[in-house]
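**Student:** curious how this folds, go ahead:
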Amino acid sequence: MSPKVSKEHMEQRRASILNKAKDVFIQHGYEHTTMKHIMDAAKVSRGGLYQYFSNKEDVFETILEDELQVYLDELEEVLQEKVHSHWDLLLGTIYGEERQPNDEMDPLAPSKLEFFITGRNNKRRREYGKARYYNGFKIYSNIIKKGQQNGEFSTKFDSDVIARSIIAFIDGLALDHSILPKEDLKLEQQSALFMDYLKTTLGVE
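**Tutor:** The predicted model follows:
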């Protein structure tokens, strides 16, 4: 087998392990997931799993990094195009392609929250969480700032403060999602109300 094929095989195997691991984290949560759970779900040996990942934390961080990179790549493509509406761009960044609130939430959100809360006294994980926070913060703040600069958005409130309020809302939903039944969360109604708040704050008609 040529080195190229071998490399492709390893990349495919790594991707398969991560896909199965994501399902395991969704099912069991971060703390209760074990490397054995991941081995069984991915149908790999202990040696096969540790060839790619040194521990559970390494697996989870890789899932987060891969998701973030895909998101950033997609956003970069959008930003390279001529933006006709920063409001639409902001909604797409928050709610996805449909740009509308719905009852769906990232099924991995509770595990992400658990990962960072349980690791709050771990310096490495705190730094990692801080970096992720500021990645999201910069995205929201830059979109709002550009909308303010071209007159689409009101400048009554600082773009950084609005960006932080968006993150606080999303993180709050993630916390509620981890402890409340879906029917009690009323995700779509809360999100619609938050969208109205953003409209008022940004002066969007």
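**Student:** right, and the helix or strand after the stretch of helix or strand Trp87 belongs to?
**Tutor:** Assigned by DSSP states H and E, Trp87 belongs to helix 86-95. Per DSSP H and E, the first helix or strand lying C-terminal to helix 86-95 is helix 109-118.
**Student:** after that following helix comes which helix or strand?
**Tutor:** Downstream of helix 109-118, the first helix or strand assigned by DSSP H and E is helix 123-149.
**Student:** wait, doesn't Leu90 sit right on Asn142?
**Tutor:** No - the criterion here is Cβ atoms under 8 Å, and Leu90 misses it with Asn142 at 10.4 Å. C-betas here are computed from N, CA, C, even on glycine.
**Student:** these two: who's more crowded?
**Tutor:** Using other Cβ atoms under 10 Å, the more surrounded residue of Leu90 and Asn142 is Leu90, with 24 against 14.
**Student:** which residues touch the residue lying closest to that one once chain neighbours are set aside?
**Tutor:** Take Leu90 and drop its neighbours on the chain: the residue closest to it by Cβ to Cβ, 6 or more residues apart in numbering is Ile143, 5.1 Å away. The contact partners of Ile143, taken as Cβ atoms under 8 Å, 6 or more residues apart in numbering, are 86, 89-90, 93.
**Student:** okay, these in a markdown table with pLDDT and distance to Asn135 next?
**Tutor:** Formatted as a markdown table, these follow (pLDDT from 0 to 100; distance: Cβ to Cβ, whole Å):
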| residue | pLDDT | distance to Asn135 |
| --- | --- | --- |
| His86 | 92 | 19 |
| Leu89 | 90 | 17 |
| Leu90 | 92 | 16 |
| Thr93 | 88 | 12 |
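**Student:** ranking those by neighbours, who comes first?
**Tutor:** Busiest of the contacts of Ile143 [other Cβ under 10 Å] is Leu90, holding 24 neighbours.
**Student:** in contact with that residue, which residues?
**Tutor:** By Cβ under 8 Å, 6+ apart, the residues touching Leu90 are 140, 143-144, 147, 198.
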